[in-house]
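Student: kindly generate the corresponding structure for this input.
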Amino acid sequence: PHSNYPIVDTGDGDVLFGAIGKNQLLILLEKRVFDRSANGLIEVGSNRQRFTPLVQWEITHRAYPKYPSINDIHINDDDRECDIDLRPYAHTAPYSVQETCSLERAYNAFRTLGCRLLIVVNRYNQCVGTITRKDLAPESLDHHIKDD
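Tutor: Reported below is the predicted structural model:
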């Protein structure tokens with residue numbers, strides 16, 4: 001389990017839309033913000049869209065520091081058929097690197113930016129993976145290098 005997850009826009013060629021934190025996801029599941037219409041868009045202007053959150057930011061911030069546990073959240077079979085529109089809750093400028101990025105550059109990004117997750121994208125800005133701090137630990141690198 002990670003602390004952040006990438007969000008891709010399936011309606012736009014699976015390009016990276018942003019990222020969302022684990023605690024935010026848990027709150028959305030606890031509040032049951034399932035989008036049964038599969039369309040949380042509001043038209044504002046000619047081509048601009050604004051996403052309407054079903055849970056306001058104040059509610060998510062009130063949960064700090066005692067976020068719900070995944071073990072306390074119950075999802076029924078009907079809920080499993082629904083979506084949650086994560087776009088209103090997304091951090092739309094997450095740290096990312098190109099899939100051709102060097103190991104040194106990724107390592108330096110973690111050290112200088114203090115991030116916990118780097119999203120790896122291809123030249124079309126489609127998410128192709130993630131890198132965590134643990135992935136860059138010497139033990140993990142040794143394991144992956146030996147496997148190749």
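Student: which one is residue 21 nearest to, not counting chain neighbours?
Tutor: Excluding the flanking residues, the one nearest residue 21 by Cβ to Cβ, 6 or more residues apart in numbering is residue 4, at 5.4 Å. Just so you know, the C-beta spots here come from the backbone N, C-alpha and C atoms, and that holds for glycine as well.
Student: how much space separates residue 71 from residue 11?
Tutor: For residue 71, the distance to residue 11 (Cβ to Cβ, to the nearest Å) stands at 33 Å.
Student: and stretch 22-35, what's buried?
Tutor: Using 16 or more other Cβ atoms under 10 Å as the test for burial, stretch 22-35 gives 23, 24, 25, 26, 27, 28, 29, 30, 31, 33, 34.
Student: kindly report the same for stretch 79-93.
Tutor: In stretch 79-93, counting by 16+ other Cβ under 10 Å, buried: 84, 85, 86, 87, 88, 89, 90.
Student: farthest-apart pair in those, please.
Tutor: Checked with Cβ to Cβ, the buried residues of stretch 79-93 reach their widest spread between 84 and 90, with 11.6 Å between them.
Student: quick one: contacts for residue 79?
Tutor: The contact partners of residue 79, by Cβ atoms under 8 Å, 6 or more residues apart in numbering, come to 32, 34.
Student: can I assume it sits in a helix?
Tutor: Yes: using DSSP: H, G, I helix; E, B strand; the rest coil, the secondary structure at residue 79 is a helix.
Student: for this protein, which spans come out with low pLDDT?
Tutor: The model of the chain has pLDDT under 70 over residues 1, 35-64, 144, 146-148.
Student: which parts of it are strands?
Tutor: Counting by DSSP state E, residue ranges of the strands within the chain are 4-9, 15-21, 41-43, 49-51, 96-98, 117-121, 127-132.
Student: okay, the ones you listed, which one's buried deepest?
Tutor: strand 117-121 (a mean of 21; mean count of other Cβ atoms under 10 Å).
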